[in-house]
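Participant: Model the following, please.
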Amino acid sequence: MNFRNTLKINEKGHLEIGGADCCDLAKRFSTPLYVFDERQIRAMMQVYRTALEEEYGGNGRILYASKAFCCKAMYAIADEEGLGADVVSGGELFTALQAGFPAEKICMHGNNKLPSELREALDAGVGRIVLDSVQEIERLEALAAERGIVQPVLLRINPGVEAHTHAYIRTATPDSKFGFSVANGSAKETVGLILQKPHLDLRGFHCHIGSQIFEKQSFEIAAETCVAFAASLRDMFCLKELNLGGGFGIWYAEGDAKIPPEGYRGYLSALFAAVKAGCERYGVPRPYLYLEPGRSIVGEAGITLYTVGSVKEIPGIRKYLAVDGGMFENPRYCLYRSKYTAALANRMNDEPCELVSIAGKCCESGDLIGEDLSLPKANVGDLIAVFSTGAYNYSMASNYNRNLIPPAVLVKDGEAEYIVRPQTYEDLTRYDVLPARLK
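Facilitator: Reported below is the predicted structural model:
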């Protein structure tokens with residue numbers, strides 16, 4: 001486990017998060033339940049913001065990556081902590097605006113923004129729009145012209161750095177649906193195209209090299225490549241802003257680094273140093289810098305609680321613990337075999353003694369939360385906690401098999417409140433229409 005002051009075993013031998021006993025949370029809110037630790041979220045936001053202020057002179061903005069976990073409460077916290085936000089859909093934009101988030105602190109990107117989403121972004125007055133295709137450039141120019149405005153934009157470029165969790169490689173022409181390649185010349189060509197558009201103000205570049213990255217070299221190479229690319233354009237364009245995305249790794253299971261909030265300063269220091277060194281080397285003024293952390297802010301702040309409903313052992317093969325959740329509220333294992341760590345939240349002091357697979361309740365053989373997880377002998381009614389589920393779990397949840405997406409609660413100093421209310425069966429049928437001929 002990756003315990004901390006706000007995630008620990010209490011005197012009852014129960015898991016405690018944010019000062020709240022998980023057994024009490026399960027009794028009050030039922031399971032499955034997403035639980036978020038507010039102090040951990042704020043601590044991570046403060047690390048990013050403070051590092052930017054102290055090591056890059058505050059010449060930039062941290063943008064919370066909404067796709068990790070999006071709800072009104074997250075935008076309220078981000079705003080209080082002095083962050084901006086990055087959104088990738090009209091729905092994320094709408095949620096941020098509904099929470100009262102300042103539109104000028106929002107950066108909108110995505111590889112195929114709908115015309116309606118571009119209109120919504122322009123009408124809201126978002127601070128930056130990241131362009132990702134020639135068609136989008138033409139579309140946004142026309143929409144901005146209709147409104148008589150000049151929209152500040154960034155161009156997403158592909159710096160040719162493919163990052164992995166434990167290694168990195170540099171590739172000349174990487175295959176990606178995102179951005180324009182620096183290596184093959186398409187990025188430079190597209191810069192020229194944007195500069196011809198009177199209603200688009202090209203401020204700089206955006207790049208994002210991947211997710212769940214632990215090594216620093218990938219970030220350093222990406223930063224240097226972006227600055228070098230900007231320097232190569234000095235006769236036609238002056239870099240003012242640079243968005244280096246996110247992708248900082250978190251702990252999920254054995255083998256992952258256990259990094260406390262302050263530990264992320266090392267990644268940030270290396271990145272800031274790379275930008276400054278690159279600017280000095282190539283004679284480029286230091287740009288206004290954006291970073292877009294999401295998973296590293298909210299991932300370890302979240303856990304999911306489940307109740308064991310049945311135990312099924314297949315002698316010599318496997319033991320299944322079936323829980324009241326599944327792929328409908330955490331599809332990450334089914335999608336790409338993401339590893340997790342689990343514990344019996346009501347018996348934290350019991351020693352693990354067997355390997356089990358945690359199965360969901362969906363009608364799919366592959367509906368698993370994880371395989372070969374080490375747990376004490378579990379019984380029906382035990383409370384299972386799965387750690388580091390704060391990012392991309394609720395965000396990717398669905399109503400598959402017409403299951404209800406679980407609610408989410410925010411805990412701080414022992415107090416817990418809904419930030420996403422429970423769904424009802426009525427919610428599932430709210431948009432169903434029964435044609436008159438079938439009645």
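Participant: and the helix or strand hosting I157, what other elements does it pack with?
Facilitator: Using DSSP states H and E, I157 sits in strand 151-158. On a contact count with 3 or more CB pairs under 8 Å, 6 or more residues apart in numbering; DSSP states H and E, strand 151-158 meets strand 128-131, helix 134-147, strand 180-181, helix 186-195, strand 200-206. No exception for glycine: its C-beta is placed from N, CA and C like everyone else's.
Participant: Output these as a markdown table; include the columns mean pLDDT and mean neighbour count.
Facilitator: Shown next, in a markdown table, are the helices and strands packed on strand 151-158 (pLDDT from 0 to 100; neighbours: other CB atoms under 10 Å):
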| stretch | mean pLDDT | mean neighbour count |
| --- | --- | --- |
| strand 128-131 | 98 | 26 |
| helix 134-147 | 97 | 16 |
| strand 180-181 | 84 | 20 |
| helix 186-195 | 95 | 17 |
| strand 200-206 | 97 | 23 |
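Participant: Now render the ones you listed as a markdown table, adding distance to G19.
Facilitator: Putting the helices and strands packed on strand 151-158 into a markdown table (distance: least, CB to CB, whole Å) gives the following:
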| stretch | distance to G19 |
| --- | --- |
| strand 128-131 | 38 |
| helix 134-147 | 46 |
| strand 180-181 | 48 |
| helix 186-195 | 49 |
| strand 200-206 | 39 |
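Participant: For L239, find the nearest of the ones you listed.
Facilitator: Distance to L239, taken as CB to CB, is lowest for strand 200-206 among these, at 5.1 Å.
Participant: and the helix or strand following that closest one, which residues are buried?
Facilitator: Next along the chain after strand 200-206, taking DSSP H and E as the criterion, comes helix 217-232. Within helix 217-232, the residues that qualify as buried are S218, F219, E220, I221, A222, A223, E224, T225, C226, V227, F229, A230, counting by 16 or more other CB atoms under 10 Å.
Participant: same deal with stretch 251-263?
Facilitator: By neighbour count with 16+ other CB under 10 Å, stretch 251-263 contains the buried residues W251, Y252, D256, I259, P261.
Participant: In these, find the pair that's most separated.
Facilitator: Y252 and P261 (16.8 Å).
Participant: Tell me how the protein divides into domains.
Facilitator: 7-30+301-429, 38-297 (automatic domain parsing).
Participant: Now do the last one: distance to the chain's middle.
Facilitator: With CA atoms, centre = their mean, to the nearest Å as the basis, domain 38-297 stands 13 Å off its chain's centre.
Participant: Also the shortest one?
Facilitator: If you compare the mean C-alpha spot of domain 7-30+301-429 with that of the full chain, they lie 20 Å apart, counting by CA atoms, centre = their mean.
Participant: Need the buried residues of helix 217-232 in TSV (columns: pLDDT and distance to N399).
Facilitator: TSV is the format used below for the buried residues of helix 217-232 (pLDDT from 0 to 100; distance: CB to CB, whole Å):
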residue	pLDDT	distance to N399
S218	82	37
F219	84	37
E220	88	43
I221	88	42
A222	88	38
A223	91	41
E224	91	45
T225	91	42
C226	93	41
V227	95	45
F229	94	44
A230	95	45
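Participant: Looking at those, which one is closest to A408?
Facilitator: F219 (30.5 Å).
Participant: How about that closest one, nearest residue that isn't a chain neighbour?
Facilitator: L271 (4.8 Å; CB to CB, 6 or more residues apart in numbering).
Participant: V433 versus that neighbour, what's the distance?
Facilitator: 51 Å (CB to CB, to the nearest Å).
Participant: Could you do A391 as well?
Facilitator: 35 Å.
Participant: The two - which one has more neighbours?
Facilitator: Set A391 next to V433 and count neighbours by other CB atoms under 10 Å: A391 wins out with 25 against 7.
Participant: Against S211, how distant is the more buried one?
Facilitator: The gap separating A391 from S211 is 9 Å, by CB to CB.
Participant: contacting residues for T429?
Facilitator: Going by CB atoms under 8 Å, 6 or more residues apart in numbering, T429 touches no other residue.
Participant: Give me the phi and psi for it.
Facilitator: The phi/psi pair for T429 (degrees, to the nearest 10) reads phi -100, psi 0.
Participant: Now do it against E329, distance only.
Facilitator: Counting by CB to CB, the separation of T429 from E329 is 19 Å.
Participant: since we're on L305, how many residues are nearby?
Facilitator: Residues near L305, counting by other CB under 10 Å, number 28.
Participant: Verify the stated contact: it with D24.
Facilitator: No: using CB atoms under 8 Å, L305 is not in contact with D24, being 10.9 Å away.
Participant: Just tell me which of the helices and strands packed on strand 151-158 ends up closest to V161.
Facilitator: Across the helices and strands packed on strand 151-158, closest to V161 is strand 180-181 (CB to CB), at 11.6 Å.
Participant: which strand is the longest one in this protein?
Facilitator: Longest strand of the chain, by residue count under DSSP state E: strand 302-314.
Participant: Partner strands of that one, with direction?
Facilitator: strand 33-37 (antiparallel), strand 318-323 (antiparallel), strand 383-387 (antiparallel) (DSSP bridges).
Participant: quick one: the first one to chain centroid distance?
Facilitator: The chain centroid and the centroid of strand 33-37 are separated by 15 Å under CA atoms, centre = their mean.
Participant: And the next helix or strand past that strand?
Facilitator: As assigned by DSSP H and E, the chain's next helix or strand after strand 33-37 is helix 38-55.
Participant: Now do that following helix: everything it contacts.
Facilitator: With CB under 8 Å, 6+ apart as the test, helix 38-55 has contacts from 4, 6-7, 18, 58, 60-62, 64, 74, 77-78, 81-83, 261-262, 264-265, 268-269, 272, 289, 291, 293, 296-298, 300-301, 410-413.
Participant: How far does stretch 252-266 stretch from one end to the other?
Facilitator: From its first residue to its last, stretch 252-266 covers 20 Å (CA to CA, to the nearest Å).
Participant: Quick one: residues in contact with that stretch.
Facilitator: 2, 4, 40, 43-44, 46-48, 51, 214, 216, 248-251, 296, 338-341, 387-388.
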